[in-house]
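# Let me see the structure of the following:
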Amino acid sequence: MLCGVGLLLSGQPASAQPKRPLQRPGLGNEVEGAVWEYDATVQSKKDHLSGKIRINGRAVYQHTGSRTIAEKEERVGDITASTKDTMQIVFNDHPELDGRAVLEFDRKSGYWRGYFDEKGGKRWKFEMRRGDD
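Numbering: from 1, shown residues only. From the prediction side, this is the model:
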């Protein structure tokens, strides 16, 4: 995924193109309604969770397969903190995820990786990658 690269407009030099703000790769804010597939495992790898979420701005929705953003999808969390290559997501209304994910962007793979802490105390290995809409 390329980030912050402008396309040349036909007949105009690159310096005459309108400047677009740089976007963090993978956060979902470069494409409204981006869908992310997640996988979570505990160290024993016996427990495994997977599914899809949609990130729209700072809101996180459970992805239902609908192409319309948030009309049929339930809001299940929020991005509470983010920097260039890190973010925290607090899940509070997701059926499987109840807690906080702390993630770092891996530029080599294009994945967000880190951990998910359940409110009950269990820590999961957590990974998100761009999914199909």
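
# which residues touch residue 91?
By Cβ atoms under 8 Å, 6 or more residues apart in numbering, the contact list for residue 91 reads 60, 76-77, 97-101. Bear in mind the C-beta positions are built from the backbone N, C-alpha and C, glycine included.

# Please read the previous query as pertaining to residue 101.
Listed by Cβ under 8 Å, 6+ apart, the contact set of residue 101 reads 88-89, 91, 114-117, 126.

# Does it lie in a helix or a strand, and which?
According to DSSP states H and E, residue 101 maps onto strand 99-106.

# And residue 51, how far from residue 105?
Residue 51 sits 20 Å away from residue 105, going by Cβ to Cβ, to the nearest Å.

# Just the strands from the protein, written as ranges.
With strands called from DSSP state E, the chain shows them at 34-41, 48-56, 59-62, 75-82, 86-91, 99-106, 111-118, 123-130.

# export those to a markdown table and tack on mean pLDDT?
Below are the strands of the chain laid out as a markdown table (pLDDT from 0 to 100):
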| stretch | mean pLDDT |
| --- | --- |
| strand 34-41 | 89 |
| strand 48-56 | 89 |
| strand 59-62 | 89 |
| strand 75-82 | 89 |
| strand 86-91 | 93 |
| strand 99-106 | 93 |
| strand 111-118 | 93 |
| strand 123-130 | 92 |
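
# What about residue 98, how many residues nearby?
Residue 98 has 16 neighbours, counted by other Cβ atoms under 10 Å.

# How about it, nearest residue that isn't a chain neighbour?
In space, residue 98 comes closest to residue 119 once its chain neighbours are excluded; the distance is 5.2 Å by Cβ to Cβ, 6 or more residues apart in numbering.

# Hmm, that neighbour is touching residue 92, no?
No: when contacts are counted by Cβ atoms under 8 Å, residue 119 is not listed as touching residue 92 (9.1 Å).

# who's more crowded, these two?
Neighbour tally, residue 119 and residue 92, criterion other Cβ under 10 Å: the higher count belongs to residue 92, 14 against 11.
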